[in-house]
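Engineer: 3D, please:
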Amino acid sequence: MYNQAKIRELAKKLNPIDDIFFKKMAEYRPFCQEILQVILGDKNLIVTENTPQYTGTNLQGRSVILDVKCVLGTGEQVNIEVQKADNDDHQRRVRYNGSILTTNITDPGSKFADVPDVILIYISKFDIFNKAKTIYHVERIIQETGDIVDNGFKEIYVNASIDDGSDIAQLMKVFTDSNTYNAKFPETSKRKRLFKGHEDGESIMNEELEKLFAECQAEYRAEGLAAGRAEGLAAGRAEGHAEGLATGRAEGRAEGLATGRAEGRAEGKTEGMIATLSALVKDGILTVTAAAKRAGMTEDAFRKIGML
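Structural biologist: I've put the predicted structure just below:
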C-alpha cells in the first residue's frame, strides 16, 4: 500500500509524541530519567531500569504492550505512555495498564504490604480533562472528609497542548514540534536529533515504520482472509445446495463454492484494508480524511465501518 518514498516522508514527520518514535527514544535510559525528573519534579531521581515495549499479561492470558516501564531508585515502578489521537477511554486505559503492571511485577504469595508502588504517566497531545492545565495529578480521596488515601498507585496526566512557560510545557514542545530542541533537556534533544537529523537514525525510523506497516497489513490480511474464507465457504455451500437441488448437486456445489470463495476473499481484503487504515488513524499516522480517501468512501462511512 505504501512505497518507500511515502514511508520516508511519513517517518520525517514523526516526533517523540508518536508512539513508534517514543519507543525508540525510551531505549536510552538517560532520556527516561530526564523526562521523569521534569514530570515528577525531582532532579535527584534515578532510573535503574528501563524496558521499552514491556509486555504484561492478565489472568485470562490477554497481553498488553506498555510503551516503557521504568524502575526508580526508590523501587517505584513507572509506566509512561504517549497518546497522540483522542479516540479512546483514556482513564480506563490507565486503570487497565496499572492493574496489568501491578499484577506482573508482584511476586506470587507476596503480602499486600509488599505490592510495589506504581506510577502511571500518560502524556497526550490533547487536554484530556479540558481544564487548561499542563499536568493533572489524580488522587483517591474520601468524599466525606476530603482526606487523600494512598494505596500505592498514582495517576499523572501530562497535557502537551498547553504552553504556560513551565519546564513541563517546554519539554512537551520538544515532544510535539519537529524543529524544537532545548538545552534544558540535553538527553531528550540529543536522542530526538539522532532520529531526525542523522542518516543512521533516520534509517532506523524508516525500518521501524516499515515493520509497523508490514505487521498491520499481515495481521489484518490474515483476519480478513480468514473471515473471507469462512463466509465464502458458508455462502458457497448454501448456494451450492440450493442450486444443486435444481440443477445437480455436484455442479451447484462447485459453482457455489467458487462464487463464495471469490466473494469472501474480496470482502476479506476490503475488511483488511479498512482495518489497517483504522489502525494507522488510531496511531495518529493518518487522518480520518486521508484514510477515507484511500478506502474510497466518505468520512462518516469510514468512521462507522472503522469503528472510530
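Engineer: from Tyr122, how far off is Asp164?
Structural biologist: The spacing between Asp164 and Tyr122, counted by Cβ to Cβ, to the nearest Å, is 19 Å. Placement of C-beta: from N, CA and C, glycine included.
Engineer: with Ala295 instead?
Structural biologist: Ala295 sits at a distance of 30 Å from Tyr122 (criterion: Cβ to Cβ).
Engineer: who has more neighbours out of the two?
Structural biologist: Per other Cβ atoms under 10 Å, whichever of Ala295 and Tyr122 has more neighbours is Tyr122, with 23 against 18.
Engineer: right, and the helix or strand after the helix or strand of the chain with the lowest mean pLDDT?
Structural biologist: In the chain, no helix or strand scores lower on mean pLDDT, DSSP states H and E than helix 249-282, which sits at a mean of 57. Using DSSP states H and E, the helix or strand that follows helix 249-282 in sequence is helix 288-295.
Engineer: alpha carbons of that following helix, as PDB, please.
Structural biologist: The C-alpha trace of helix 288-295 is given here as PDB (Å, rounded to 0.1, in the frame of the first residue of the first chain):
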ATOM      1  CA  VAL A 288      -9.600  10.200   9.000                       C
ATOM      2  CA  THR A 289      -9.900  12.300   5.800                       C
ATOM      3  CA  ALA A 290      -6.800  10.700   4.300                       C
ATOM      4  CA  ALA A 291      -7.800   7.200   5.300                       C
ATOM      5  CA  ALA A 292     -11.400   7.600   4.000                       C
ATOM      6  CA  LYS A 293     -10.000   8.800   0.700                       C
ATOM      7  CA  ARG A 294      -7.700   5.800   0.400                       C
ATOM      8  CA  ALA A 295     -10.600   3.500   1.200                       C
END
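Engineer: buried residues, that helix. List them.
Structural biologist: Using 16 or more other Cβ atoms under 10 Å as the burial criterion, the residues of helix 288-295 that qualify are Val288, Ala291, Ala292, Arg294, Ala295.
Engineer: report pLDDT for the third one.
Structural biologist: As summarised for this prediction, Ala292 has a pLDDT of 76.
Engineer: measure Asp67 to Tyr122 for me?
Structural biologist: From Asp67 across to Tyr122, the span is 10 Å (Cβ to Cβ).
Engineer: and the strands in this structure, which stretches?
Structural biologist: 47-57, 63-72, 77-83, 118-124, 135-138, 140-141, 148-149, 153-159 (DSSP state E).
Engineer: direction included, what does the last one pair up with?
Structural biologist: Counting by DSSP bridges, the strands paired with strand 153-159 are strand 118-124 (parallel), strand 135-138 (antiparallel).
Engineer: likewise for the first one?
Structural biologist: If you go by DSSP bridges, strand 47-57 pairs up with strand 63-72 (antiparallel).
Engineer: okay, the angle between the strand it pairs with and strand 77-83?
Structural biologist: Between strand 63-72 and strand 77-83, the angle comes out at 120 degrees (axes from the mean of the first three to the mean of the last three Cα atoms, to 10 degrees).
Engineer: pLDDT weak spots in the stretch 101-250 of the chain?
Structural biologist: Applying pLDDT under 70 to the stretch 101-250 of the chain picks out residues 199-202, 205-206, 209, 211-213, 215-250.
Engineer: now with 80?
Structural biologist: Residues of the stretch 101-250 of the chain meeting the criterion pLDDT under 80: 197-250.
Engineer: picking that back up, I'd like the strands paired with strand 153-159 as TSV, with distance to Ile274 appended.
Structural biologist: Below are these laid out as TSV (distance: least, Cβ to Cβ, whole Å):
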stretch	distance to Ile274
strand 118-124	26
strand 135-138	35
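Engineer: most packed of the ones you listed?
Structural biologist: Of the strands paired with strand 153-159, the one with the most neighbours on average (mean count of other Cβ atoms under 10 Å) is strand 118-124, at a mean of 23.
Engineer: extract the C-alpha trace of that one and format it as CSV.
Structural biologist: The C-alpha atoms that make up strand 118-124 are tabulated as CSV, following Å, rounded to 0.1, in the frame of the first residue of the first chain:
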residue,chain,number,x,y,z
VAL,A,118,3.2,2.1,40.7
ILE,A,119,3.1,5.5,38.9
LEU,A,120,1.4,5.7,35.6
ILE,A,121,2.2,8.8,33.5
TYR,A,122,0.0,9.5,30.5
ILE,A,123,1.4,12.0,28.0
SER,A,124,-1.2,13.2,25.5
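Engineer: chain center to that strand: distance?
Structural biologist: Put simply, strand 118-124 sits 14 Å off its chain's centre (Cα atoms, centre = their mean, to the nearest Å).
Engineer: ok, back up a step: distance to Glu9 added to the strands of the chain, as JSON lines?
Structural biologist: Below are the strands of the chain laid out as JSON lines (distance: least, Cβ to Cβ, whole Å):
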{"stretch": "strand 47-57", "distance to Glu9": "25"}
{"stretch": "strand 63-72", "distance to Glu9": "24"}
{"stretch": "strand 77-83", "distance to Glu9": "22"}
{"stretch": "strand 118-124", "distance to Glu9": "25"}
{"stretch": "strand 135-138", "distance to Glu9": "33"}
{"stretch": "strand 140-141", "distance to Glu9": "46"}
{"stretch": "strand 148-149", "distance to Glu9": "48"}
{"stretch": "strand 153-159", "distance to Glu9": "29"}
